[in-house]
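Colleague: Need the 3D shape of this:
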Amino acid sequence: MQWMIYGANGYTGALIARQAVANGQRPILAGRNSAAVAALADELGLEGRVFELHNAEELGRQLADIDLVLHCAGPFSATSAPMIEGCLAARAHYLDISGEIAVFEHAQAQATRATEAGVVLCPGVGFDVIPTDCVAARLAEAMPEATHLALGFDSRSGFSPGTAKTSVEALGQGGSIRRTSRITPVPLAWRTRRIDFGDGEKLAMTIPWGDVSTAFHSTGIPNIEVYIPGSPRLVKNARRANKLRWLLRLSPVQTLLKKRIEKTVRGPDAATRDKMPTFVWGEVRDDSGHQLVARVRTANGYSLTVSGSLAVIAHLNENKPEGGAYTPSRLVGWQLVERLPGSGAIAVSET
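Modeller: Purely as a prediction, here's the structure:
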């Protein structure tokens with residue numbers, strides 16, 4: 001199978017490329033930055049390609065000999081749709097490491113086309129959203145009658161430039177939950193509660209994480225919320241930001257904030273990643289008030305993105321699933337997270 005990492009010169013794309021080579025694989029590296037792609041390709045002894053995504057004819061030529069694309073070039077809100085179109089036309093499987101609700105919903109909307117083309121569309125094959133999606137699927141298996149699902153994670157490793165830019169976009173868009181099967185906008189830090197993610201009980205707040213989309217497609221549970229820990233100060237600042245969302249959505253403001261990120265954010269180094277595990281939590285309940293909780297400790301989010309994306313690629317290389325739009329747990333099974341380096345077993349209990 002010939003596969004490509006698009007956005008290979010970014011922080012996470014480069015981590016994946018280096019690990020792929022260490023595993024004996026030879027992906028084609030691609031992206032929009034000629035000098036950066038060439039430098040990484042030369043370092044790793046791989047083929048490099050440089051092309052933009054807005055020209056459908058050029059995109060078709062570049063993907064003509066490709067069986068699978070791992071798309072790592074953010075912001076995915078701008079880049080995922082054209083790459084999905086290119087993959088459908090080229091009959092190449094599409095994976096990405098996005099965590100954006102709109103990206104997941106767009107991929108699901110292409111399910112019929114993907115089935116007809118025999119193409120797998122599976123966004124979110126990194127930390128966004130493998131561990132939470134697997135926890136959701138495990139809980140749904142344990143309680144098929146569940147009507148409410150809450151998910152969350154405690155991760156303290158810092159941001160890569162791409163993740164930071166996505167977070168800036170999210171500030172302007174506000175929060176999201178799923179209510180009675182529909183994605184519903186809510187304010188930032190709309191709800192708070194105390195949660196033991198696996199490392200002690202902490203104050204937590206809702207965030208617009210990708211599982212608001214994916215967990216519904218994985219489980220069918222109609223009411224979904226996602227949480228992260230947040231100090232009282234962080235919760236207060238998030239709620240203050242709700243009053244400034246109109247300003248944060250303005251293009252000049254977004255451009256200014258993203259340029260600042262490019263100059264100041266580098267992403268965690270290997271030592272930081274190695275000493276910063278992630279604690280993932282989930283909770284389901286039914287209309288009778290019965291409740292189950294699941295927890296799993298995983299590697300650092302960026303390390304999990306590397307191993308998780310490569311595990312999904314290996315699955316597609318070894319298996320021939322039908323074309324369609326998938327979530328990680330539907331494509332590989334909820335056991336995927338347990339097989340990744342640094343992960344334990346998903347523990348399910350009543351508290």
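Colleague: contacts and neighbour counts: CA atoms only from here.
Modeller: OK.
Colleague: and Pro277, what are its phi and psi?
Modeller: With angles defined as degrees, to the nearest 10, Pro277 sits at phi -70, psi 170.
Colleague: And it, how far from Glu225?
Modeller: With distances taken as CA to CA, to the nearest Å, Pro277 is found 22 Å from Glu225.
Colleague: So for those two, which sits in the more crowded spot?
Modeller: Glu225 (24 against 21; other CA atoms under 10 Å).
Colleague: Helix or strand: which one has that one?
Modeller: Assigned by DSSP states H and E, Glu225 belongs to strand 223-229.
Colleague: So what touches that strand?
Modeller: Residues from elsewhere that reach strand 223-229 (CA atoms under 8 Å, 6 or more residues apart in numbering): 147-154, 177-181, 202-209, 211-212, 215-216.
Colleague: What's the ChimeraX syntax to select whichever of those are buried?
Modeller: Restricted to buried positions by 16 or more other CA atoms under 10 Å, the ChimeraX selection for the contacts of strand 223-229 reads:
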select :147,148,149,150,151,152,153,154,177,178,179,181,202,203,204,205,206,207,208,209,211,212,215,216
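Colleague: Please identify the residue most distant from the middle of the protein.
Modeller: Centroid-distance maximum for the chain: Ser288 at 32.5 Å, with CA atoms, centre = their mean.
Colleague: Against Leu149, how distant is it?
Modeller: Ser288 sits 14 Å away from Leu149, going by CA to CA.
Colleague: shouldn't Ala90 be in contact with Ala64?
Modeller: Yes: between Ala90 and Ala64 there is a contact at 5.8 Å, judged by CA atoms under 8 Å.
Colleague: ok, the two, which is more surrounded?
Modeller: A direct count of neighbours by other CA under 10 Å for Ala90 and Ala64 places Ala90 higher, at 21 against 15.
Colleague: count of neighbours near Gly220?
Modeller: Number of residues near Gly220 (other CA under 10 Å) recorded here: 16.
Colleague: whoops, Lys320 was the one
Modeller: Neighbour count of Lys320, defined by other CA under 10 Å: 10.
Colleague: ok but it is inside a strand, no?
Modeller: No: Lys320: not assigned to a strand; according to DSSP: H, G, I helix; E, B strand; the rest coil it is coil.
Colleague: Work out which residue lies at the spatial centre of this protein.
Modeller: The centroid of the chain falls nearest to Asp128 when counting by CA atoms, centre = their mean (2.4 Å).
Colleague: Next, the contact list for that one, please.
Modeller: By CA under 8 Å, 6+ apart, the contact list for Asp128 reads 97-99, 210, 305.
Colleague: Which ones among the residues you listed map onto strands?
Modeller: If you go by DSSP state E, the contacts of Asp128 have nothing in strands.
Colleague: Relative to Ser80, which of those is nearest.
Modeller: The closest of those to Ser80 turns out to be Ser98 (CA to CA; 8.7 Å).
Colleague: ok, that closest one touching Gly124?
Modeller: Yes: counting by CA under 8 Å, Gly124 is a contact partner of Ser98 at 5.0 Å.
Colleague: mind listing the helices for the stretch 1-150 of the chain?
Modeller: 11-22, 34-44, 56-63, 76-90, 101-109, 111-117, 130-142 (DSSP state H, counting those that start in this stretch).
Colleague: Could you say which one of those helices comes nearest to Gly333?
Modeller: helix 130-142 (7.3 Å).
Colleague: And the closest one, what does it pack against?
Modeller: strand 148-154, helix 211-219, strand 278-285, strand 291-298, helix 328-332 (3 or more CA pairs under 8 Å, 6 or more residues apart in numbering; DSSP states H and E).
Colleague: okay, that helix in CSV with CA atoms only?
Modeller: Coordinates of each C-alpha in helix 130-142 appear next as CSV, following Å, rounded to 0.1, in the frame of the first residue of the first chain:
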residue,chain,number,x,y,z
ILE,A,130,-9.3,7.5,19.6
PRO,A,131,-9.3,7.2,23.4
THR,A,132,-12.6,9.0,24.1
ASP,A,133,-14.3,7.3,21.2
CYS,A,134,-13.2,3.9,22.4
VAL,A,135,-14.4,4.7,25.9
ALA,A,136,-17.7,5.7,24.5
ALA,A,137,-18.1,2.5,22.5
ARG,A,138,-17.1,0.4,25.5
LEU,A,139,-19.7,2.1,27.7
ALA,A,140,-22.4,1.7,25.1
GLU,A,141,-21.6,-2.0,24.9
ALA,A,142,-21.9,-2.3,28.7
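Colleague: What are the contacting residues of that helix?
Modeller: Residues outside helix 130-142 that contact it (CA under 8 Å, 6+ apart) are 124, 146, 149, 151-153, 211, 214-215, 218-219, 221, 280-284, 292-296, 298, 308, 327-329, 333-337, 346, 348.
Colleague: one more time with 7 Å
Modeller: Contact with helix 130-142 is made by 124, 146, 151, 211, 215, 218-219, 280, 282, 284, 294, 328-329, 334-335, 337, as judged by CA atoms under 7 Å, 6 or more residues apart in numbering.
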